[in-house]
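In: Pasted the sequence and its predicted model underneath.
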Amino acid sequence: MGPGAASSVEDLRVSTDTQMNGGQTTAGEVAVLELKGLCKSFGGLQATRSVSLRIMPGDRKAIIGPNGAGKTTLFNLITGIYPVTSGQVLLFGQDVTTWPSHRRTALGMARTFQVTSLFPGLTVLNNVLLAIKGLRPTKFVMWRFLSSYKDVYDKAHHLLEQVGFLDRKDIQVRNLSHGEQRQLEIVLGLASDPKILLLDEPAAGLSSGESTEMTEFLMKLDPKLAILLIEHDMDVVFDVADEISVLHFGEILERGAPEAIKKSKRVQEIYLGTE
């Protein structure tokens with residue numbers, strides 16, 4: 001990343017700070033993320049159909065739906081992996097619809113994926129250190145000891161302490177349980193100091209006990225952090241989310257509080273199953 005790119009990242013962070021702290025708008029007045037009529041077509045296939053969603057700071061919202069409903073496609077539109085066919089993506093009131101993923105990350109968005117992308121031969125701490133350093137304009141220098149990067153170490157320790165992982169900092173990632181690796185993936189997502197975190201099936205492949213631990217882990221995260229969650233594990237969704245949107249054939253079929261979604265006959269028919 002060159003000097004111009006580094007300056008651009010800093011400008012974006014300053015812009016976000018202004019919006020969140022004392023600019024013309026405040027966090028209480030502007031949505032962290034807003035989708036307006038978001039559509040995506042792949043040839044003749046319409047993967048998402050006029051999806052609209054508004055997320056405020058501290059919101060915990062979930063998107064559920066059967067396989068093929070368009071959930072991951074929607075995340076790819078939000079994060080800039082796929083171009084939008086029509087509609088808008090707004091971050092902190094800014095139209096980022098045509099922005100690349102790295103600019104959205106700099107503005108305050110982070111995402112995890114269904115498949116972990118950790119370094120199994122490195123320790124938990126070193127994985128976090130690399131995640132933090134990889135987001136900065138300056139890079140590691142081969143002839144400097146890692147311990148000389150005090151600010152990076154302090155931040156890594158703070159992140160691990162915040163989520164209760166500090167006692168595992170010297171363990172190689174390959175020796176963690178699958179559930180712990182999924183949790184660590186979220187810690188790496190927090191390295192960019194996001195204001196909104198998009199979680200793509202964090203409980204995928206977990207046992208029931210590990211899913212319970214994941215729920216507890218998510219509920220310990222900073223309450224100011226907005227979370228948008230895609231998940232098939234309904235226990236995790238109902239415990240973590242305060243609002244659930246049901247996606248079906250690319251469009252929002254129903255939206256409401258967990259209890260209302262549980263009782264919805266339409267949702268039961270297309271997703272949760274009926275007796």
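Out: Here it is on my side, so go on. Numbers count the residues shown, from 1 in each chain.

In: where are the low-confidence patches of the stretch 51-200 of the chain?
Out: Across the stretch 51-200 of the chain, the ranges flagged by pLDDT under 70 are 114-115, 135-148.

In: And the strands in this protein, which stretches?
Out: With DSSP state E as the criterion, the chain has strands at 33-42, 45-55, 60-64, 86-91, 94-95, 109-112, 196-200, 226-230, 243-248, 251-256.

In: Next, format those strands as JSON lines and append distance to Arg182.
Out: (Each C-beta comes from the backbone N, C-alpha and C, glycine too.) Listed next are those as JSON lines, based on distance: least, CB to CB, whole Å:
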{"stretch": "strand 33-42", "distance to Arg182": "23"}
{"stretch": "strand 45-55", "distance to Arg182": "22"}
{"stretch": "strand 60-64", "distance to Arg182": "17"}
{"stretch": "strand 86-91", "distance to Arg182": "26"}
{"stretch": "strand 94-95", "distance to Arg182": "31"}
{"stretch": "strand 109-112", "distance to Arg182": "8"}
{"stretch": "strand 196-200", "distance to Arg182": "10"}
{"stretch": "strand 226-230", "distance to Arg182": "13"}
{"stretch": "strand 243-248", "distance to Arg182": "21"}
{"stretch": "strand 251-256", "distance to Arg182": "27"}
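
In: Which of those strands sits closest to Ser264?
Out: strand 251-256 (5.7 Å; CB to CB).

In: so what secondary structure elements neighbour that closest one?
Out: strand 45-55, strand 243-248, helix 265-267 (3 or more CB pairs under 8 Å, 6 or more residues apart in numbering; DSSP states H and E).

In: Model confidence at the closest residue in space to Arg49 that isn't next to it in sequence, what's the number?
Out: In this structure, Arg49 finds its nearest non-sequential neighbour in Glu251, 4.0 Å apart by CB to CB, 6 or more residues apart in numbering. Looking at Glu251, its pLDDT is 93.

In: does the spatially most central residue of the chain have beta-bridge partners, and which?
Out: The C-alpha lying nearest the average C-alpha coordinate of the chain belongs to Leu198 (CA atoms, centre = their mean; 2.0 Å). Beta-bridge pairing of Leu198 under DSSP bridges involves Arg111, Leu228.

In: For the residue nearest to Arg49, list each beta-bridge partner.
Out: His248.

In: partner residues bridging Leu90?
Out: Assessed by DSSP bridges, Leu90 has beta-bridge partners Glu34, Asp95.

In: re the thing from before, let me know which of the helices and strands packed on strand 251-256 is tucked in deepest.
Out: Comparing the helices and strands packed on strand 251-256 by mean neighbour count (mean count of other CB atoms under 10 Å), strand 243-248 ranks first with a mean of 22.

In: and the angle from it to strand 60-64?
Out: 20 degrees (axes from the mean of the first three to the mean of the last three CA atoms, to 10 degrees).

In: Tell me which other helices or strands strand 243-248 touches.
Out: On a contact count with 3+ CB pairs under 8 Å, 6+ apart, strand 243-248 meets strand 60-64, strand 251-256, helix 258-263.

In: picking up where we left off before, including distance to Leu159, could the helices and strands packed on strand 251-256 go into TSV?
Out: Shown next, in TSV, are those (distance: least, CB to CB, whole Å):
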stretch	distance to Leu159
strand 45-55	23
strand 243-248	27
helix 265-267	36
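
In: of those, which approaches Val236 most closely?
Out: Per CB to CB, nearest to Val236 of these: strand 243-248, 11.5 Å.

In: Extract the C-alpha trace of that closest one and format it as PDB.
Out: The C-alpha trace of strand 243-248 is given here as PDB (Å, rounded to 0.1, in the frame of the first residue of the first chain):
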ATOM      1  CA  GLU A 243     -34.500  -8.900  15.100                       C
ATOM      2  CA  ILE A 244     -34.600 -11.600  12.400                       C
ATOM      3  CA  SER A 245     -35.200 -11.200   8.700                       C
ATOM      4  CA  VAL A 246     -36.300 -14.200   6.700                       C
ATOM      5  CA  LEU A 247     -34.900 -14.400   3.200                       C
ATOM      6  CA  HIS A 248     -36.700 -16.500   0.600                       C
END
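
In: Identify all contacting residues around it.
Out: 51, 53, 59-66, 69-71, 74, 237-238, 252-258, 261, 264, 267, 270-271 (CB atoms under 8 Å, 6 or more residues apart in numbering).
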